[in-house]
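Undergrad: Model the following, please.
(6 chains)
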Number of protein chains: 4
Amino acid sequence: MTYRRSPLMEERLANNRDRILMATRKLVAEGGFREAQVAAVAAVAGVSTGMIYRYFSSKAELFVEVLGVAVEQEINILTGIATGPGAAGERLDAAVTCFVRRALTGPNLAYAFIAEPADPEVDTARIRYRKKFGDVFKAILIDGIEKGELPDQDAEASAACVVGAFTEALVGPIGPAARNTHDKERLVQSIRMFCLRAVGSFSK
Amino acid sequence: MTYRRSPLMEERLANNRDRILMATRKLVAEGGFREAQVAAVAAVAGVSTGMIYRYFSSKAELFVEVLGVAVEQEINILTGIATGPGAAGERLDAAVTCFVRRALTGPNLAYAFIAEPADPEVDTARIRYRKKFGDVFKAILIDGIEKGELPDQDAEASAACVVGAFTEALVGPIGPAARNTHDKERLVQSIRMFCLRAVGSFSK
Amino acid sequence: MTYRRSPLMEERLANNRDRILMATRKLVAEGGFREAQVAAVAAVAGVSTGMIYRYFSSKAELFVEVLGVAVEQEINILTGIATGPGAAGERLDAAVTCFVRRALTGPNLAYAFIAEPADPEVDTARIRYRKKFGDVFKAILIDGIEKGELPDQDAEASAACVVGAFTEALVGPIGPAARNTHDKERLVQSIRMFCLRAVGSFSK
Amino acid sequence: MTYRRSPLMEERLANNRDRILMATRKLVAEGGFREAQVAAVAAVAGVSTGMIYRYFSSKAELFVEVLGVAVEQEINILTGIATGPGAAGERLDAAVTCFVRRALTGPNLAYAFIAEPADPEVDTARIRYRKKFGDVFKAILIDGIEKGELPDQDAEASAACVVGAFTEALVGPIGPAARNTHDKERLVQSIRMFCLRAVGSFSK
DNA sequence: CATGAATGAGAATTCATTCAT
DNA sequence: TATGAATGAATTCTCATTCAT
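TA: Predicted coordinates for the structure are as follows:
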């Protein structure tokens, strides 16, 4: 008698995969890639180390996917804003504000951005994911420039600068200082204004 | 007849330390801290591994100093510009332009910004060094705001954003794409304009 | 069908730990802590070096446990004698004789006494373990003094001297010379008489 | 013109040798063989590391000689007592008391006795030196036994036990606890009485 | 299928000894 | 002769990955 993969087992498999991803994300968020050793991930996920290799061919692949999942979530939200109605300046405003606020809420994504690639593979992915963020902003910028709402500029570079600006502001020296809600909101506004002025959108 | 330390010996000593630092810098620039293992550094520097520990008490200390040397060079140049004559906007312009141009010239500084903390010790230093850069820009901003040349803003946050903006633009997805002189100059101008608009300085 | 940890697996686990301990003990007994490098222990135990760190967090911890296991065995036996019936002098007699005889039988304990602290951690443990031996003898002495069976004396110091006396006699210059059974028994009697006279118990 | 070894140079050589020995002794006394690295010895002695190898072919040889010098000093004093006038019991009394008192005075010799051989070579020497001490006591014992002053016993074993007894009492768990003069004198008396009772000399 | 024990290739660091100057 | 910079073998410890059960 052989084992057939029952629907139930499928679900357990999916659950396992998710739990591994979540465990990894948790560990990376808390202590960087350094703390996300395979054994630790397995322990947090409640699976064996061997199990991890059923779903991911290597630790690097696991990391890449963790980054991917985190990025996708944010990209979806931002894209919703970017493709919505309203003037380019307003959409940019909303996108920047949303992104910064979410990043400050939990150490879920921001850390993953600077967290060093434990692997060249992860490095490559990291660059790719940052570009995805830039693309969302770039789209808004191009739209705004075409419609004359924004001054002419290198949309590609500006978009990268926007991403870099809040990355630095979030994870750099001034980031961790913002602990209470008041400080956080102040930081959100500072970054927001900076970026808006930077792209020439004076929505005030 | 007594033995005196000959100039040649002095030079060799200095050369060793410097060669170790240069070798480390080279390796970090090329492949990140990951590639700068003690054995590799020793090989590139043309010394034995033990030699490295004559000059640096640990690998972390070596890394910290490599970062420090690179940062100090740039800080000195930027500070010269920041404390010089001219309107705040002009000095900011010059500082940003200079910084970006130098970063694009060689892999001398840029890597220091993303390079992940192989060590908590290095991490701490890295944050500190980034802050140093921010402080130079912050000084110009505060000066400009006081004199009414720049709009009121959170100088601390803006400075961090400026640093982040060109960090991302330099080492992020669009950075490596700029290979020839023409592309590079275009990138310099893009980042420059972005930052100037961002702080409200429309020197055009 | 679920997987259960088979008895065989349990045994192999226990075996590994024990084999590591035994291998360490063997190497320390033969060549001191110096010879018990992690790689050597692994080789003798028939495991990989990494395996050792599954059971012991550091080499020092391994050494401490090796000492501890050896000491505990002996302490248990001695305590049984010390807390048994009979006059203090007789119990002391039995304890000393038993201890010395066992030490001469195999290189199981004696080495633990001289073996130098390869590590401050091990040093601390070594002192502690020696004190444990002293305490067994001290208890007998105090009992004998109280009951008037033994002359008044510093029980603490006398106990330490007893431990030192046979340590030296066992591992010192005269120890290894005693190869055959006859010599050994003669040594046992010599040490026994020395210690009994020393504490004032002339059971003859 | 070649250099001829002047008397002055001879003296400097001798001085160097002595300074190296003293430096080693100091370091061993303070921190065990572990702390007496060649570089440290050189620094304390005020010579270069290379200099050390002019006088000692290896570190082990240096250690052996340091032990030897320390032992010789003590042996001389003890022999003076042992070969002097008086009853065997009295001479033994004086020898033990002298030895223990001197050992407690400074951490000069006692430590060297248990301090683990950094080298098999040192190990061998250490055993040999301990035997030398035993021989002094053995001589007194044999004398006393022959003259009927002491009960018949295995002089060799008893001598080893005496050495072991105060070694343990000095460097074991109760040793370092005795800090002030009062405690020390009490320890001296305790060890003294123990040893005298042990060899059957009740000089009280 | 699921486990987690086992592996072993690295990586950092130390220090006795040598030898060019 | 004297120096101390330089060497590099040796040692401990880590952790991704595999595979017998």
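Undergrad: Do a quick rundown of the helices in chain A.
TA: Chain-ordered helices for chain A, with DSSP state H as the definition, fall at A:7-35, A:38-45, A:49-55, A:59-82, A:88-105, A:110-114, A:120-146, A:155-171, A:181-198.
Undergrad: Columns mean pLDDT and mean neighbour count on top of those, output as CSV?
TA: Every C-beta, even on glycine, is put in place using the N, C-alpha and C of the backbone. As requested, these are exported to CSV (pLDDT from 0 to 100; neighbours: other CB atoms under 10 Å in any protein chain shown):
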stretch, mean pLDDT, mean neighbour count
helix A:7-35, 77, 16
helix A:38-45, 94, 18
helix A:49-55, 94, 15
helix A:59-82, 90, 18
helix A:88-105, 86, 20
helix A:110-114, 59, 21
helix A:120-146, 87, 20
helix A:155-171, 80, 28
helix A:181-198, 82, 20
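Undergrad: okay if I get those as TSV plus distance to DNA strand F?
TA: Converted to TSV, the helices of chain A look like this (distance: least, CB to the nearest atom of the strand, whole Å):
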stretch	distance to DNA strand F
helix A:7-35	7
helix A:38-45	4
helix A:49-55	4
helix A:59-82	4
helix A:88-105	26
helix A:110-114	17
helix A:120-146	10
helix A:155-171	23
helix A:181-198	33
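Undergrad: Can you tell me how far the most centrally placed residue in chain A is from A:Arg126?
TA: Nearest to the mean C-alpha position of chain A, by CA atoms, centre = their mean, lies A:Val71 at 3.7 Å. From A:Val71 across to A:Arg126, the span is 9 Å (CB to CB, to the nearest Å).
Undergrad: Also A:Val163?
TA: In this view, A:Val163 and A:Arg126 are 12 Å apart by CB to CB.
Undergrad: circling back to that earlier point, and the helices of chain A: which comes nearest chain C?
TA: Nearest to chain C, of all the helices of chain A, is helix A:38-45, at 10.8 Å by CB to the nearest CB.
Undergrad: I'd like the distance from that closest one to the chain centre, please.
TA: 22 Å (CA atoms, centre = their mean, to the nearest Å).
Undergrad: Which elements pack onto it?
TA: Applying 3 or more CB pairs under 8 Å, 6 or more residues apart in numbering or on different chains; DSSP states H and E, we find helix A:38-45 packed against helix A:7-35, helix A:49-55.
Undergrad: quick check: angle from that helix to helix A:59-82?
TA: 60 degrees (axes from the mean of the first three to the mean of the last three CA atoms, to 10 degrees).
Undergrad: what does helix A:38-45 rub up against?
TA: For helix A:38-45, contacts defined as CB atoms under 8 Å, 6 or more residues apart in numbering or on different chains pick out A:16, A:19-20, A:22-24, A:26-27, A:48-49, A:51-52, A:59, A:62.
Undergrad: likewise stretch A:121-137?
TA: Outside stretch A:121-137, the residues touching it (CB under 8 Å, 6+ apart) are A:33, A:58, A:60-61, A:63-64, A:67-68, A:71, A:74-75, A:78-79, A:82, A:92, A:95, A:99, A:113, A:117, A:156, A:158-160, A:162-163, B:32, B:168, B:172-174.
Undergrad: can you dump the C-alpha coordinates of it into PDB?
TA: The C-alpha trace of stretch A:121-137 is given here as PDB (Å, rounded to 0.1, in the frame of the first residue of the first chain):
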ATOM      1  CA  GLU A 121      21.700  35.100  -4.300                       C
ATOM      2  CA  VAL A 122      19.900  37.100  -1.600                       C
ATOM      3  CA  ASP A 123      21.800  40.200  -2.600                       C
ATOM      4  CA  THR A 124      20.600  40.000  -6.100                       C
ATOM      5  CA  ALA A 125      17.100  39.500  -5.000                       C
ATOM      6  CA  ARG A 126      17.300  42.400  -2.600                       C
ATOM      7  CA  ILE A 127      18.300  44.800  -5.400                       C
ATOM      8  CA  ARG A 128      15.500  43.500  -7.600                       C
ATOM      9  CA  TYR A 129      13.000  44.100  -4.900                       C
ATOM     10  CA  ARG A 130      14.100  47.600  -4.200                       C
ATOM     11  CA  LYS A 131      13.700  48.300  -7.900                       C
ATOM     12  CA  LYS A 132      10.100  47.100  -7.700                       C
ATOM     13  CA  PHE A 133       9.400  49.800  -5.100                       C
ATOM     14  CA  GLY A 134      11.100  52.300  -7.200                       C
ATOM     15  CA  ASP A 135       9.000  51.300 -10.100                       C
ATOM     16  CA  VAL A 136       5.800  52.200  -8.300                       C
ATOM     17  CA  PHE A 137       7.000  55.700  -7.600                       C
END
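Undergrad: what sits against the nearest residue to A:Leu92 once chain neighbours are set aside?
TA: Nearest residue to A:Leu92, sequence neighbours excluded (CB to CB, 6 or more residues apart in numbering or on different chains): A:Ile140, at 5.0 Å. A:Ile140 makes contacts with A:82, A:88, A:91-92, A:95, as judged by CB under 8 Å, 6+ apart.
Undergrad: Most widely separated two among the residues you listed?
TA: The distance between the two most remote of these (CB to CB) is 10.3 Å, for A:Ala88 and A:Ala95.
Undergrad: domain ranges for chain A?
TA: A:1-56, A:60-198 (automatic domain parsing).
Undergrad: I'd like these written out as a markdown table, with distance to DNA strand E added.
TA: Below are the domains of chain A laid out as a markdown table (distance: least, CB to the nearest atom of the strand, whole Å):
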| stretch | distance to DNA strand E |
| --- | --- |
| domain A:1-56 | 2 |
| domain A:60-198 | 13 |
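Undergrad: I'd like the helices of chain A laid out as a markdown table, including distance to B:Gly134.
TA: Listed next are the helices of chain A as a markdown table, based on distance: least, CB to CB, whole Å:
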| stretch | distance to B:Gly134 |
| --- | --- |
| helix A:7-35 | 22 |
| helix A:38-45 | 34 |
| helix A:49-55 | 40 |
| helix A:59-82 | 25 |
| helix A:88-105 | 17 |
| helix A:110-114 | 15 |
| helix A:120-146 | 21 |
| helix A:155-171 | 8 |
| helix A:181-198 | 13 |
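Undergrad: of all those helices, which lies closest to D:Gly148?
TA: Counting by CB to CB, D:Gly148 lies closest to helix A:38-45 out of the helices of chain A; the figure is 74.1 Å.
Undergrad: Looking at the contacts of A:Ile140, which is nearest chain D?
TA: Nearest to chain D among the contacts of A:Ile140, counting by CB to the nearest CB, is A:Ala95 at 61.6 Å.
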